[in-house]
Every structure is written in C-alpha cells, then in structure tokens.
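**Student:** give me coordinates for this.
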Amino acid sequence: MLRGGMRTVLAAALLVVTCLGQALASELYTTGTITSGTAPERRDIGFVTCLRDVVVRITGDSRLLNAPRLAEQVRHASELVASYTFRDRMSGTPIHDEQGSYDRPHDLTCVFDEAKLNAFLKSLDRKPWLKRPRLVAVIGIRDMKGAASMLASDSLGPRDQDMRTALIAAADKLALPLVLPSQAQIMQSGLSVRTLPAADPARLGTLARMAGGERALVGTIVWNNRPAGWVAEWRIADEPPATRWGISGVGFDDAFRNAVSGAAQVLSGHADP
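**Tutor:** All right, here's what the predicted structure looks like:
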C-alpha cells in the first residue's frame, strides 16, 4: 500500500514523463525550410519541402521519399498543415529599390495536423517512431594530409567545429537525440581512428554510457583525392555486422546526413539503409 506522499511523488513523476512524451510528439510534427518570400506560390513550395521532411522525421524511414503515394500527396500538402509562420531572415535590413518581400528569404515553420498526418502515414503502412535512443557519435577522421583524429565535443581540429555543427544539424532535422563524447572520454575508452573499425561493441557501449547516451553510432570519414571528397562508413555498434552503410565523394555535411538518416532507418526498424 502506497502512502499519500509516495503516491503524490509517483503521480508527479508520471505527469513529467507524460508531458515530455507530449512535447516530443509535438516537436516531431513541426519542421521548417527557407523560402524566397511569402507569396502563396512560394509558401506552397515550402509546404511540399516540409511535408517530405516531416514524413521522414516522424517515421525515421527515408525510403518513403520515393513512395508514389507521397508524390501524390505533396500536391495537396497544405491539407495536412495545421498552422505556419514566416520569419524574415533579413529583418531590420532595408528593402532595396527593386526588391520586395517576394524575393527576401524567409524561414517558414510548418506545424502539421497530428491526426491527419498519422492517417496519411497509415496509408503508407507506417506509424510514428516515438521511442528514440540517445545516440553517441564515435567518429574517426583522416583528413586531406592523412592526419588521423577523433571528433569530440571539445576537439580543436581546424574543421572540428564546422563538423560538429553539420552533425548536430543533421540529427536535429530528424529529431534524433545525439551527442559527441569528450576527448577525455575517448582517451579513457582507448579508442582511436586505427582501432575504431574493429572496435568491440561492449567497449563502444561503455563509451556511449560515459557520454550520457544509450547507443553508439560509429564511423570513419576519410578524404579521398580521386574523386575528391569524403568517404564515410557507418554502423550502429550493437547491431549485426551486416548492418553497415556509407557514402563517398561528398562533403562532410552530406556524409553526416548519410550517417544520421541511416541510423534513423536502422533504429526505427525499417531495415538496412
């Protein structure tokens, strides 16, 4: 028998968990893009982009972008939008003589109707992916000069800050919780660019927990001169060895988008990337 005080504490804890779940669901149905002005035709183009993004964001399955049913629905994207707002990205900057609001860049934020969008997803045999693990990205880099390093939350390589920004932006777009370990945590784990490809899942899992995560997204990005671009290989540490994916000949922004979209597809249960 629970005493009154304990019942109150448990009820409060349940309320917090419920509110957090509702907040996550609300965030999943909100996405944005940049438009050239606020005219209806520009707005509608933005709605199409937002619908394509939110379908992948909610389900974790990027293969839906090629679904014929989605290609049909984007022509009526506005039917699924509950509300939207514009923000002038040049707010405070005077309009030039021949420039109107038409060609000024705006941030368009779309909030989709949860019930309508869920019904559309059901027609695609999909449902919202709500239980998302907190990922820790364990990434080894070999740059243009052949120098090897590990990307950390506090590493100071010449491209590290730009890489961190690109990685977090890719994860945010898919509403995938993701953090990087610190240099100290990586050193404590004993991992390096050389040992990362064959690293034991248990060791990677320990590093993930040290960094405050649940699962490890593991990969390397290596610069290749011919053709010029980064070659990236990715895996989830505790998934079967065959569950690997990658991309080549791209900038690191695209390499990290590939990492995150593949991780979302695997973790949401939608087969291999």
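**Student:** how far does stretch 40-56 sit from its chain's centre?
**Tutor:** On the basis of Cα atoms, centre = their mean, to the nearest Å, stretch 40-56 is displaced by 18 Å from the centre of the chain it belongs to.
**Student:** that one: which residues count as buried?
**Tutor:** For stretch 40-56, the neighbour count (16 or more other Cβ atoms under 10 Å) marks 42-43, 45-56 as buried. All C-beta atoms are positioned from the backbone trio N, CA, C, and that covers glycine.
**Student:** and the next helix or strand past the longest strand seen in the chain?
**Tutor:** Identified as the longest strand of the chain according to DSSP state E is strand 215-225. Counting by DSSP states H and E, the next helix or strand C-terminal to strand 215-225 is strand 228-236.
**Student:** strands paired with that following strand, and their directions?
**Tutor:** In the sheet containing strand 228-236, the strands it pairs with under DSSP bridges are strand 215-225 (antiparallel), strand 244-250 (antiparallel).
**Student:** that older thread, what mean pLDDT would you report for the longest strand of the chain?
**Tutor:** Within the predicted structure, the mean pLDDT of strand 215-225 is 96.
**Student:** start the count at 441, not 1, going forward
**Tutor:** Will do, 441 is the new start, and the previous item becomes strand 655-665.
**Student:** in it, which residues are buried?
**Tutor:** Within strand 655-665, the residues that count as buried by 16+ other Cβ under 10 Å are 655-663.
**Student:** distance to residue 562 for the strands paired with strand 668-676 - can I get that in CSV?
**Tutor:** Formatted as CSV, the entries for the strands paired with strand 668-676 read as follows, by distance: least, Cβ to Cβ, whole Å:
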stretch, distance to residue 562
strand 655-665, 28
strand 684-690, 27
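**Student:** for residue 560, find the nearest of these.
**Tutor:** Nearest of the strands paired with strand 668-676 to residue 560, taken as Cβ to Cβ: strand 684-690 at 27.1 Å.
**Student:** contacts for the closest one?
**Tutor:** By Cβ atoms under 8 Å, 6 or more residues apart in numbering, the surrounding residues in contact with strand 684-690 are 659, 664, 667-675, 694-695, 698, 702, 712-713.
**Student:** from the contact counts, what lies against the helix or strand following it?
**Tutor:** Using DSSP H and E, the next helix or strand after strand 684-690 towards the C-terminus is helix 692-707. If contacts are counted by 3 or more Cβ pairs under 8 Å, 6 or more residues apart in numbering; DSSP states H and E, helix 692-707 sits against helix 600-613, strand 655-665, strand 668-676, strand 684-690.
**Student:** tell me which residues are up against helix 692-707.
**Tutor:** With Cβ under 8 Å, 6+ apart as the contact definition, helix 692-707 has outside contacts at 496, 500-503, 569, 572-573, 575, 577, 599, 602-603, 606-607, 610-611, 613-614, 616, 618, 655, 657, 659, 661, 670, 672, 674, 676, 679, 683, 685-687, 690, 711-713.
**Student:** could you give the angle of that helix to helix 600-613?
**Tutor:** Angle of helix 692-707 versus helix 600-613, following axes from the mean of the first three to the mean of the last three Cα atoms, to 10 degrees, is 40 degrees.
**Student:** alpha carbons of helix 692-707, as PDB, please.
**Tutor:** Output for helix 692-707, consisting of C-alpha atoms alone and laid out as PDB, is shown next (Å, rounded to 0.1, in the frame of the first residue of the first chain):
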ATOM      1  CA  PHE A 692      31.300  16.200 -44.800                       C
ATOM      2  CA  ASP A 693      27.800  17.800 -44.500                       C
ATOM      3  CA  ASP A 694      26.400  15.100 -46.800                       C
ATOM      4  CA  ALA A 695      28.500  12.400 -45.000                       C
ATOM      5  CA  PHE A 696      26.900  13.300 -41.700                       C
ATOM      6  CA  ARG A 697      23.400  13.500 -43.200                       C
ATOM      7  CA  ASN A 698      24.000   9.900 -44.500                       C
ATOM      8  CA  ALA A 699      25.100   8.800 -41.000                       C
ATOM      9  CA  VAL A 700      22.100  10.200 -39.300                       C
ATOM     10  CA  SER A 701      19.500   9.100 -41.900                       C
ATOM     11  CA  GLY A 702      20.900   5.600 -41.900                       C
ATOM     12  CA  ALA A 703      20.900   5.400 -38.100                       C
ATOM     13  CA  ALA A 704      17.300   6.500 -38.000                       C
ATOM     14  CA  GLN A 705      16.300   3.900 -40.600                       C
ATOM     15  CA  VAL A 706      18.000   1.100 -38.700                       C
ATOM     16  CA  LEU A 707      16.900   2.100 -35.200                       C
END
